[in-house]
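Peer 1: structure here, sequence nowhere to be found:
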């Protein structure tokens, strides 16, 4: 039995007193069930109308419970894991309460970042349910972020690529496309998606105008350089609405500035699922 569930049962048996303790126990149980990846159990904590908001400095992704549950297989497989290190009941009044959960997020067994989940709970039929969650990173993985003035070329590339992804999420069209070299090509996940810079801009503009863009969050990135230091190529993992995607690309220095000249986005799929994937593609 999961040690967090044991702890929850122990608290419930030996400390039956306050509402704050009951809510803390329920929060502990939710975190344990989240790591189990059991969609039925995870869903049972939420109100049907609940939303989960991933908050960044300038952006916010709004997810329904169904959207949120798409990530459950990554927890059940052990690819994702959240390890909490502090839980506090922030406020409690008239059946409405907040809990703050500080956690470490692990990707493939390695810590990727720390974060804060702010849970809003309310009572329905005498039981506490999550009405909303606001989640934010508190410390990104050091290997893919750096101060703007860093002289390390790897960290410079990481900063530029992080900003490039963020420019889409914040609908900064000109910044997004100014980072692209004039010879830039983009390969998307759809077989038909091979665009020049001009073609890609034409495709993107309506989405930027409607503020209906995408938000890809880097998990990790490896950067490589040519001997003269003027060409760089990379591979990266992205957390997206399609679950994990992989990106790879090439950058070169043009008049002393890095510009991206090629980017290839792909969806990842486990080898044992390939046959089912092939059958899915056969349906027109």
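Peer 2: Sure thing, it's come through. Worth saying up front: this structure is predicted, and the values here are computed from it rather than measured. Residues are numbered from 1 along each chain as shown.
Peer 1: for residue 180, which residues count as its bridge partners?
Peer 2: Note on residue 180: beta-bridge partners by DSSP bridges are residue 260.
Peer 1: that one and residue 174, how far apart?
Peer 2: For residue 180, the distance to residue 174 (CB to CB, to the nearest Å) stands at 11 Å. Backbone N, C-alpha and C define where each C-beta goes, glycine included.
Peer 1: who has more neighbours out of these two?
Peer 2: Higher neighbour count among residue 180 and residue 174: residue 180, with 20 against 9, using other CB atoms under 10 Å.
Peer 1: am I right that that one is in contact with residue 259?
Peer 2: Yes: Residue 180 is within contact range of residue 259, at 6.7 Å (criterion: CB atoms under 8 Å).
Peer 1: not counting its neighbours along the chain, what's nearest the residue nearest the centre of the chain?
Peer 2: Taking CA atoms, centre = their mean as the criterion, residue 239 is the residue nearest the geometric centre of the chain, at 4.4 Å. Leaving aside its chain neighbours, residue 239 sits nearest to residue 217 (4.3 Å; criterion: CB to CB, 6 or more residues apart in numbering).
Peer 1: if I pick that neighbour, what's in contact with it?
Peer 2: Counting by CB atoms under 8 Å, 6 or more residues apart in numbering, residue 217 makes contact with 54, 165, 238, 239, 240.
Peer 1: what does residue 50 give?
Peer 2: 64, 65, 129, 130, 131, 132, 133.
Peer 1: and the gap between residue 37 and residue 96?
Peer 2: Residue 37 is 29 Å from residue 96, by CB to CB.
Peer 1: which one's more surrounded, the two?
Peer 2: More neighbours surround residue 37 than the other of residue 37 and residue 96, with 20 against 13 (other CB under 10 Å).
Peer 1: pLDDT score for that one?
Peer 2: Residue 37 is assigned a predicted lDDT (pLDDT) of 92.
Peer 1: so who does it touch?
Peer 2: Applying CB under 8 Å, 6+ apart to residue 37 gives the contacts 72, 73, 74, 75, 76, 77.
Peer 1: next, format these as CSV and append distance to residue 270 and neighbour count.
Peer 2: Below are the contacts of residue 37 laid out as CSV (distance: CB to CB, whole Å; neighbours: other CB atoms under 10 Å):
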residue, distance to residue 270, neighbour count
72, 15, 20
73, 10, 14
74, 11, 17
75, 15, 19
76, 13, 13
77, 9, 11
